[in-house]
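K.L.:
For reference, the sequence and a predicted model appear below.
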Amino acid sequence: ELQIWRKQNQKKKGEKEISYWAGNNIDSVYKELTTDASLPSDSNAMNVLVGGSASLNLEFNEEDEDEPYLAAMRYQATPPMKKFREIEYLSGGEKTVAALALLFTINKFKPSPFFVLDEIDAALDTVNVLRVSNYIKNHATESLQFIVISLKNSIFEESDSLVGVYRNQKQNSSKVLTLD
């Protein structure tokens, strides 16, 4: 029984730890995802350079302190040059960037060797596609690789290699093309 209690206590501690860690680090990741890195830092358009802001907070009731998974999580993201709105009122693209920031923040806490991102750019405008592809390119390493499924050229142009799958109707099968 003592061993079960220790495991439960460790799990609770881990859940609190990741929640607090993500809350302290989400803003820097969101800023990086929403900053226009294509402009030089001495540019006159400083307002375009500045990224948005994000925060992640746990809201505990007194009885929830020992059970962090019962706490309400409040995630707020404000895109660059926009006034604050609840996340539910953001556009699809703004929500996508906010979700990616949360995903990438959690990954920094407990790294995964790769991501498979399926059409994450579907709701993004051209500027945000470039920002996300720059973020991916800047963070891809031997120990963190990204597999991105996309239909947008801007993602293709930033990739290190491409794999295309097409249907061969005569043979009723799929074929694969690769470009490095």
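P.N.:
Structure's in. What do you need?
K.L.:
helix or strand for Phe104, which one?
P.N.:
helix 92-109 (DSSP states H and E).
K.L.:
Which other helices and strands does the next helix or strand after that helix contact?
P.N.:
Helices and strands here follow DSSP H and E; after helix 92-109, the next one along the chain is strand 114-118. Strand 114-118 sits against strand 145-149, with contacts defined as 3 or more CB pairs under 8 Å, 6 or more residues apart in numbering; DSSP states H and E. For glycine as for every other residue, the C-beta is placed from the backbone atoms N, C-alpha and C.
K.L.:
ok, the spatially most central residue of the chain to Ser174 distance?
P.N.:
By CA atoms, centre = their mean, the mean C-alpha position of the chain lies nearest to Leu100, the distance being 1.9 Å. Per CB to CB, to the nearest Å, Leu100 is found 29 Å from Ser174.
K.L.:
List the contacts of Thr34.
P.N.:
51-52, 79-80, 97, 131 (CB atoms under 8 Å, 6 or more residues apart in numbering).
K.L.:
rerun at 10 Å
P.N.:
Taking CB atoms under 10 Å, 6 or more residues apart in numbering, we find Thr34 in contact with 50-54, 77-81, 94, 97-98, 101, 127-128, 131-132, 135.
K.L.:
buried subset of these?
P.N.:
Buried positions within the contacts of Thr34, assessed by neighbour count (16 or more other CB atoms under 10 Å), are 51-54, 77-80, 94, 97-98, 101, 128, 131-132, 135.
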